[in-house]
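**Q** Have a look at this prediction, sequence included:
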Amino acid sequence: SSEGRGLGNKFLSNIREVSLTIHLIRCFNDDSSEEKIAHVEGETDPLRDINIIDTEMINADLQSIRKMKDTINKKSNSEETRIKSKIIDQCEQILSEDLFIRDKLHITEKEWPVFKSLNLLTAKPALYICNVKESDLLQGNQFTEQVLKKVKSEKLNIPVVVLSAKIEDELSKIDSEEERK
């Protein structure tokens, strides 16, 4: 995506404008004969799907950071420029290790305005929403377990919510407030 493939530059630039990223993760196999929903990658693999999006976001941020680094060296030697240069170097190191800035970078109050102005994708808080079949809504399934295990083992500060988009869709079509209950 950072090169115009994958997620696409337009999509990534739109994400830069949000305060929170929400990853809607497919956590079901569609075995039904009616309304089969094909997965773009063939089979359901939530960890692969998360990794694809994460890689795209890391690559996009690396590209942005490297552009900033090129232009910042040509600017004045003000305190703001020194702070920005330091933050950019730290971000580049973190991203080069395929890690998210939000999980590894510690910003002081003084650095915060400069850091925020960088508008990096991997610095934004995130939420994982695991979309499951109706029958898996209460207990989850092997796919939601994989996502939960990833969050725990990698010590990610990402809340995980399990929902059934099919149920949500059906509820949205009910006119009566009484029937929704």
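**A** Sure thing, it's come through. Residues are numbered from 1 along each chain as shown.
**Q** how about residue 129, phi and psi?
**A** Dihedral pair for residue 129: phi -110, psi 120, per degrees, to the nearest 10.
**Q** In this structure it contacts residue 23, no?
**A** Yes - counting by C-beta atoms under 8 Å, residue 23 is a contact partner of residue 129 at 6.8 Å. Where you see a C-beta, it was placed from the backbone N, CA and C, and this is true even at glycine.
**Q** Low-confidence ranges, the protein, go.
**A** Within the chain, the stretches with pLDDT under 70 are 1-9, 31-42, 73-75, 169, 176-181.
**Q** how about a cut-off of 50?
**A** 1-5, 33-34 (pLDDT under 50).
**Q** Could you give the number of residues near residue 20?
**A** 8 (other C-beta atoms under 10 Å).
**Q** Next, give phi and psi for it.
**A** phi -150, psi 140.
**Q** quick one: the residue nearest to it when sequence neighbours are not counted and residue 23, what's the gap?
**A** Nearest non-adjacent residue to residue 20, counting by C-beta to C-beta, 6 or more residues apart in numbering: residue 125, 5.2 Å away. In this view, residue 125 and residue 23 are 12 Å apart by C-beta to C-beta, to the nearest Å.
**Q** between the two, which one's more packed in?
**A** Set residue 125 next to residue 23 and count neighbours by other C-beta under 10 Å: residue 23 wins out with 17 against 12.
**Q** part of a helix, is that one?
**A** No - under DSSP: H, G, I helix; E, B strand; the rest coil, residue 23 sits outside any helix and is assigned strand.
**Q** so who does it touch?
**A** 50, 53, 126, 127, 128, 129 (C-beta atoms under 8 Å, 6 or more residues apart in numbering).
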